[in-house]
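Colleague: A predicted structure for the sequence below; I have some questions about it.
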Amino acid sequence: MTVISGEWLSLGCEAGVIAILRRVQADKISAVAGAIRDGGIRCVEVTLDSPTAIEDIGRLTRDVEGIVVGAGTVLDASSARQAILAGAEFIVTPTVAIDAARMARRYGAGVIMGAMTPTEALLAWEAGCDLVKIFPAGTLGQRYIRALGGPLPQIPLAPTGGITADNAGEFIRAGAKIVCVGSWLSDPEAIMQDKLEVIRERAQAIVTAVMTARRETN
């Protein structure tokens, strides 16, 4: 049985959504994270495929109150350590990256590990992660999440990829613990035009969709 680690997981599960910030400009990322928080999402993942990702993690940790920050697209133990030392409270891997997960646990950070097949999902869970990220959820669909949860009901699933306010509720009804949402929420055009109200409203919309689905399934 895995140990729930830290505030990040309770905050992520409270709203049912983790926001993914991928390649958001360094001079805009704090404002974007603030808009996401104001929309009700308090768990934010900064992907390490941005050249300023490590600095961005530190910046958000210092400058944006009321959120917890994690690192995404973590491929190895070295990247995990660097992100955690910068302030990341959890890491997200795109694959079953056991060395990265072991490093995160060494530093007391949470782990969301990526998987697609039942075998990968079980390996990730047995490696000690808190949630198993199922990607690409938009391609696999809600029926896949429901089918995967049949033989593996003990594994909390976090579908990722192609999630919007229109389909988030269906993934929750299919058995997902939370959803992870990226470019639909942190829309590049809205960010470029400083339309933070668009991001805030989308955050509110997807949280509402998740909460509605949870009430219907309880």
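Modeller: Yep, it's here. As the structure is a computational prediction, the values presented were derived from the model and not from experiment.
Colleague: Tell me which other helices or strands the lowest-mean-pLDDT helix or strand in the chain touches.
Modeller: Between all helices and strands in the chain, the lowest mean by mean pLDDT, DSSP states H and E belongs to helix 6-15, at a mean of 78. On a contact count with 3 or more CB pairs under 8 Å, 6 or more residues apart in numbering; DSSP states H and E, helix 6-15 meets strand 43-47, strand 68-72, strand 90-93, strand 110-115. Glycine gets a C-beta too; all of them are placed from N, C-alpha and C.
Colleague: can you list these in TSV and add mean neighbour count?
Modeller: Formatted as TSV, these follow (neighbours: other CB atoms under 10 Å):
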stretch	mean neighbour count
strand 43-47	27
strand 68-72	27
strand 90-93	30
strand 110-115	27
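Colleague: and the helix or strand that the least confident helix or strand of the chain is followed by, how far from the chain's centre?
Modeller: Following helix 6-15 in sequence order, the next helix or strand is strand 17-21 (DSSP states H and E). In terms of CA atoms, centre = their mean, to the nearest Å, the centre of strand 17-21 is found 5 Å from the chain centre.
Colleague: Which neighbours in the sheet does strand 17-21 have, and how are they oriented?
Modeller: As defined by DSSP bridges, the strand partners of strand 17-21 come to strand 43-47 (parallel), strand 179-181 (parallel).
Colleague: right, and the helix or strand after it?
Modeller: helix 29-38.
Colleague: Can you tell me what sits against that following helix?
Modeller: Here helix 29-38 makes contact (CB atoms under 8 Å, 6 or more residues apart in numbering) with 19, 21, 24, 44, 46, 56, 59-60, 63-64, 66-67, 69, 185-186, 191, 194, 196-197, 199-200, 203.
Colleague: Any regions of the protein where pLDDT drops low?
Modeller: Applying pLDDT under 70 to the chain flags residues 1-6.
Colleague: hang on, isn't Arg146 packed against Ala176?
Modeller: No: the criterion here is CB atoms under 8 Å, and Arg146 misses it with Ala176 at 9.3 Å.
Colleague: Among those two, which residue is more densely surrounded?
Modeller: The neighbour comparison of Arg146 against Ala176 (other CB atoms under 10 Å) goes to Ala176, with 29 against 16.
Colleague: Assumed that one was part of a strand.
Modeller: No: if the criterion is DSSP: H, G, I helix; E, B strand; the rest coil, then Ala176 is coil and not within a strand.
Colleague: I'd like to know which of the contacts of helix 29-38 are buried.
Modeller: For these, a burial check counting by 16 or more other CB atoms under 10 Å picks out 19, 21, 24, 44, 46, 56, 59-60, 64, 67, 69, 185-186, 191, 196, 199-200, 203.
Colleague: what distance separates stretch 185-203 from the centre of its chain?
Modeller: Distance of stretch 185-203 from its chain centroid, counting by CA atoms, centre = their mean, is 18 Å.
Colleague: If you could redo that for stretch 121-129, that was the one I meant.
Modeller: That offset, for stretch 121-129, works out to 17 Å (CA atoms, centre = their mean).
Colleague: Next, the buried residues of it.
Modeller: For stretch 121-129, burial by neighbour count (16+ other CB under 10 Å) applies to 121-125, 127-129.
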